[in-house]
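Novice: would you be able to build a 3D model of this:
(2 chains)
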Amino acid sequence: MQFISGEISILKFDGEIIFEKSNDIKNKAKELLAANQVDKVIIDLENVPYLDSSGIGVVISLFKNVRERQGELVVAAPTEKVEKVIRLTMLDQIIKVYADVEEAKESMLK
Amino acid sequence: MDPGNILIVDDNEQNVELLKIYLEEEEYNIYVAYNGQAALALIEKEDIDVVILDVLMPGMDGFTTCRKIKFELQRDELPVIMLTALDEREDRLKGLQAGADDFLTKPVDLPELIVKLRSNLRLKRAYDRVREQYEKLEYQLELARGVQQGLAHVELPAEFNIEIFYQPVEKIGGDVYDVIKLGKEKFGIFLADSSGHGVPAALVMVMLKLFFTDIINKEQRPDKLFSRLNKRMTNQFGDQLRSIFSTAIYLIVDQKEKTVSWVNAGHPYPLLISNNLNWQELTGNNMPLGILPEADYDLHQVCYQEELKILLYTDGLIDYLTNGEAELGSSDIEGIIADLNPTNNSPKTNFYNNLSKKMEQGQQRDDICYMLFNT
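Specialist: Reported below is the predicted structural model:
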């Protein structure tokens, strides 16, 4: 997991997010977000080949967390497979999904 | 505390006697075996805590005995202290390969023996404590499973022509279903799946089922029912359970009016299968339960003419059949449909029987559930 802090922070996950790992990933991500007082964050899924429903749960949980602080969280660069899961679980109805990080940044700066 | 049961394995009676007297002085309980075979038998029978094992024995030597303890009896937690000749480096290497935990050179330095015995006993005790906790947990899971099964149990009236397959991946599952009689020819079918599995998912499922049962007594319209259910499932739980949400579907079959109506919260689309094996997915979908309190749910309806089969399933089935894809492809669906007829000598469909057989061979990653309903 990489974290780049900034006006818009980027949280980049590595590898599949599945049940066995999801709790660790969630806790680590939450720590990073809390420690850096992040209120605009892009979750970069470029290097995530797959995420299951608990992976979706991680994203939702982070989304709720950021929203509670009046912040904004979006998702960028899902692979085809991940994009499908996002669509099927209707995650795209509550969280904005962008094709890549640049596009996400642009729209968040507006 | 019990000082510990020590097994001495050595063919030399004099050596055994010396160790025995010394260790009994320290209040250990001593067991003795004069060869490897006898040692293995004692280990299986008695509650041994540490083995002191001589390398040089006629017949089965110390290395072989050690290997058998660790790998054949699968007692890799049982500490083995090997007695080797002075400075035999090779013996130590062979001993390590055989799985020995510690070494002493002969003639045995008795105070050193005591120190090593104590440290190995500590390890063994730590292992025993972990195992005890694990067994307690297993027992509690078993109880929890009983509760869940009691709750999951659905009384199916004889006129229901429904086949239900349910296979949790762990002792306790995250899928739940219900079948409700709403009128003389009207049934409600409910199927839900929470993200993740194990105890947290099962807890969420228990709540969901209780809420569902409660709300359906007050609100029969599926879309309104789901809105209320969703509100209750959102923000009900502490932080650890917050990332858990549930997909769910509630479908009503009215055999008199010949309609199927449903509401879907992020759940895989049910399949409608006609007698001539044509099929369609019942599309239309809203947000899973437990994410946003203000989510809305849409009611959908289709009419039918002839007899129908309706298949509801959880994503565990998709994952299993497609080996990790997010949705079923047409060929997967056609494969299922071809197997949905009852076999000659079984009340279940081929699909059910084949799936059950495959489950016995293992390798399942998520809870799997489906419900097949014949109008």
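Novice: who touches the residue positioned nearest the centre of chain A in this structure?
Specialist: Ranked by distance to the mean C-alpha position of chain A (CA atoms, centre = their mean), the top residue is residue A:43 at 3.0 Å. Contacts for residue A:43 (CB atoms under 8 Å, 6 or more residues apart in numbering or on different chains) come out as A:11-13, A:59, A:62, A:73-76. No exception for glycine: its C-beta is placed from N, CA and C like everyone else's.
Novice: if we go to 10 Å?
Specialist: Residue A:43 makes contacts with A:9-13, A:29, A:58-59, A:62-63, A:66, A:73-78, A:95, A:97, A:101, A:104, as judged by CB atoms under 10 Å, 6 or more residues apart in numbering or on different chains.
Novice: quick check: domain ranges of chain B?
Specialist: Split into domains by automatic domain parsing, chain B comes to B:5-134, B:154-374.
Novice: touching chain A at all, the helix ranked longest in chain B?
Specialist: Determined from DSSP state H, the single longest helix within chain B is helix B:110-152. No: figure legend: helix B:110-152 not in contact with chain A (CB under 10 Å from any CB of the partner chain); closest approach 16.8 Å.
Novice: other SSEs contacting that helix?
Specialist: Contact here means 3 or more CB pairs under 10 Å, 6 or more residues apart in numbering or on different chains; DSSP states H and E; on that basis helix B:110-152 packs against strand B:5-9, helix B:13-25, strand B:50-54, strand B:80-84, strand B:102-105, strand B:175-183, helix B:198-216.
Novice: sorry, back to before: out of the contacts of residue A:43, which touch chain B?
Specialist: Answer for those near chain B (CB under 10 Å from any CB): A:58-59, A:62-63, A:95.
Novice: okay, stretch B:23-43 in PDB with CA atoms only?
Specialist: What follows is stretch B:23-43, C-alpha atoms only, in PDB (Å, rounded to 0.1, in the frame of the first residue of the first chain):
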ATOM      1  CA  LEU B  23      14.500 -36.000  37.500                       C
ATOM      2  CA  GLU B  24      12.300 -37.600  40.100                       C
ATOM      3  CA  GLU B  25      14.200 -35.700  42.700                       C
ATOM      4  CA  GLU B  26      13.000 -32.600  40.800                       C
ATOM      5  CA  GLU B  27       9.400 -34.000  41.000                       C
ATOM      6  CA  TYR B  28       8.900 -34.700  37.400                       C
ATOM      7  CA  ASN B  29       6.700 -37.700  36.400                       C
ATOM      8  CA  ILE B  30       9.000 -40.100  34.600                       C
ATOM      9  CA  TYR B  31       8.000 -42.600  31.800                       C
ATOM     10  CA  VAL B  32      10.600 -44.900  30.400                       C
ATOM     11  CA  ALA B  33      11.000 -46.700  27.000                       C
ATOM     12  CA  TYR B  34      13.900 -48.800  26.100                       C
ATOM     13  CA  ASN B  35      13.400 -48.600  22.300                       C
ATOM     14  CA  GLY B  36      11.800 -46.400  19.700                       C
ATOM     15  CA  GLN B  37       8.800 -48.600  19.200                       C
ATOM     16  CA  ALA B  38       7.900 -48.500  22.900                       C
ATOM     17  CA  ALA B  39       8.400 -44.800  22.900                       C
ATOM     18  CA  LEU B  40       6.000 -44.200  20.100                       C
ATOM     19  CA  ALA B  41       3.400 -46.400  21.800                       C
ATOM     20  CA  LEU B  42       3.800 -44.500  25.100                       C
ATOM     21  CA  ILE B  43       3.500 -41.100  23.400                       C
END
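Novice: neighbouring strands - and their directions - for the strand or helix carrying residue B:372?
Specialist: According to DSSP states H and E, residue B:372 maps onto strand B:368-374. Strand B:368-374 pairs in its sheet with strand B:162-167 (antiparallel), strand B:308-313 (antiparallel), by DSSP bridges.
Novice: pLDDT on stretch B:187-194, on average?
Specialist: For stretch B:187-194, the mean pLDDT works out to 91.
Novice: now swap in stretch B:331-341 and tell me
Specialist: Mean predicted lDDT for stretch B:331-341 stands at 88.
Novice: output it as CSV - backbone C-alpha positions only.
Specialist: Presented in CSV, the C-alpha positions along stretch B:331-341 are these (Å, rounded to 0.1, in the frame of the first residue of the first chain):
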residue,chain,number,x,y,z
SER,B,331,-22.8,-20.6,-21.2
ASP,B,332,-22.6,-21.0,-17.4
ILE,B,333,-26.3,-20.3,-17.2
GLU,B,334,-27.1,-22.7,-19.9
GLY,B,335,-25.0,-25.3,-18.1
ILE,B,336,-27.0,-24.8,-15.0
ILE,B,337,-30.4,-25.0,-16.8
ALA,B,338,-29.5,-28.2,-18.5
ASP,B,339,-29.0,-29.8,-15.1
LEU,B,340,-32.2,-28.5,-13.4
ASN,B,341,-34.4,-31.5,-14.1
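Novice: okay, buried residues for that stretch please.
Specialist: Counting neighbours by 16 or more other CB atoms under 10 Å in any protein chain shown, one finds that the buried residues in stretch B:331-341 are B:333, B:336-337, B:340.
Novice: residues making contact with that stretch?
Specialist: Stretch B:331-341 is contacted from outside by B:163, B:271, B:273, B:277-279, B:281, B:309, B:311, B:313, B:317-318, B:321-322, B:325, B:327-329, B:349-355, B:370, B:372, B:374, using CB under 10 Å, 6+ apart.
Novice: identify those among the residues you listed that sit within strands.
Specialist: If you go by DSSP state E, the contacts of stretch B:331-341 have B:163, B:271, B:273, B:279, B:281, B:309, B:311, B:313, B:370, B:372, B:374 in strands.
Novice: neighbours of the last one, just the number please.
Specialist: This means residue B:374. By the measure other CB atoms under 10 Å in any protein chain shown, the count of residues near residue B:374 is 15.
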